[in-house]
Structure formats: structure tokens, C-alpha cells
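J.: Turn this into a model:
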Amino acid sequence: MTIHSTHPFVDPEPDPVRQWRGRLGGAVSLWTAGGSDGPAGWAGLTVSSVLVAAGEPARVIGLVDPDSDLADTVEETGRAVVSLLSWEHRDLAEAFAGQAPAPGGPFRLATFERTPYGPGLVGATSRALVSVESSVEVGWSRQLTCIVDDLVVLDEDTALLHRRGRYAKP
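T.: Predicted coordinates for the structure are as follows:
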């Protein structure tokens with residue numbers, strides 16, 4: 001193991017758009033999808049680029065990595081579970097973002113229950129069950145516009161926030 005005086009993964013040519021987006025900050029969500037065959041067929045991704053549009057029906061719009069397993073699985077199933085993460089889930093968020101080791105896969109780091117929309121994080125204070133309305137490439141992301149089919153909203157005071165590459169408490 002080598003000890004670095006600087007961040008070992010710092011971008012040598014920072015992208016100003018990415019830096020600006022990081023200053024906006026936002027709540028961290030975990031998008032999961034997959035069939036009933038268990039973790040082998042499940043996919044998940046930590047997403048903080050999320051927008052909620054009120055209306056009839058309400059919609060959740062997320063920007064996800066088009067090369068991610070989640071993007072492929074959501075395209076295949078047409079459904080997903082969007083869970084809002086709490087401060088206690090920060091290690092889980094890192095694992096689903098591919099920034100922390102997860103021996104056996106990130107789904108082994110927490111308890112998930114099977115839903116008709118994919119795996120749902122047990123203990124999430126709020127979650128939406130969504131159906132994909134459209135999927136389009138936007139910049140270097142895939143924009144998933146989803147119809148909210150069902151919501152669970154519980155009290156929470158420890159939302160996991162992400163700003164400038166770090167997690168923060170509200």
C-alpha cells in the first residue's frame with residue numbers, strides 16, 4: 001500500500017461542468033432494478049442527479065451512467081425502486097457508486113426485499129416505485145423519466161446529502 005499526499009483519484013484535468021454540478025449538492029438516492037432471481041440479476045446505482053416533477057402522474061427524473069448495469073437492467077425491466085438514503089447508508093452509497101469495495105457485491109452490504117419493481121432497501125425512510133416512461137441520452141448520461149406508481153414517505157432527519165464530492169448531514 002502506498003500513502004499519497006494527494007487524493008489518488010483526483011482528475012488531472014478537472015471538468016468545470018462537473019465541478020459546478022458538485023456545488024449544487026443534493027440528496028443521495030439509490031436506484032435499484034432487477035427480476036426475482038435475487039442479487040445475481042439485480043443492479044443498483046447511487047444517484048444524486050434527481051428531479052421530482054409533481055403532477056398527475058408525478059414523475060421522477062434521474063441521470064444515470066449509460067454504461068452502468070442499472071441502465072441496462074432498467075431498460076430491460078421497465079421498472080425501478082428509488083430509495084432515499086440516510087446518513088447511516090453512506091458506506092452503502094459508496095459501494096453502489098463503485099468507490100468502495102463490496103466483497104460479494106453491494107447487495108450483500110444491506111438487507112433488500114423483493115418487490116415487483118426490483119429490490120427495495122429495507123430501512124429506507126422514503127422510496128418510490130417507478131415505471132420508465134422514457135430513456136434518452138443527454139450529454140454523457142442517460143435520462144430516465146419515470147412515472148411514480150407508489151410512494152412510501154416516512155419521517156427522517158438524517159438525509160444523506162452529497163456536495164463537492166463529500167457526504168454531509170442536513
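J.: Point out where the protein drops to low pLDDT.
T.: For the chain, the stretches with pLDDT under 70 are 1-12, 18-25, 170.
J.: If we use 50, what do you get?
T.: Residue ranges of the chain with pLDDT under 50: 1.
J.: Break down it into its helices, ranges please.
T.: Remark: helices assigned in the chain by DSSP state H are 16-24, 69-77, 90-96.
J.: If we go by neighbour counts, what in the shortest one is buried?
T.: When you say that, I think you mean helix 90-96. 90, 92-96 (16 or more other CB atoms under 10 Å). For glycine as for every other residue, the C-beta is placed from the backbone atoms N, C-alpha and C.
J.: need the helices of the chain in TSV with distance to T111, can you?
T.: Formatted as TSV, these follow (distance: least, CB to CB, whole Å):
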stretch	distance to T111
helix 16-24	31
helix 69-77	19
helix 90-96	11
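J.: Which parts of the chain are strands?
T.: 26-27, 29-34, 42-47, 50-53, 59-64, 79-84, 112-115, 118-121, 126-138, 141-153, 161-163, 166-168 (DSSP state E).
J.: if I look at the nearest residue to D150 once chain neighbours are set aside, how far off is D15?
T.: Once flanking residues are discounted, D150 sits nearest to L129: 4.3 Å by CB to CB, 6 or more residues apart in numbering. Distance of L129 to D15, given as CB to CB, to the nearest Å: 34 Å.
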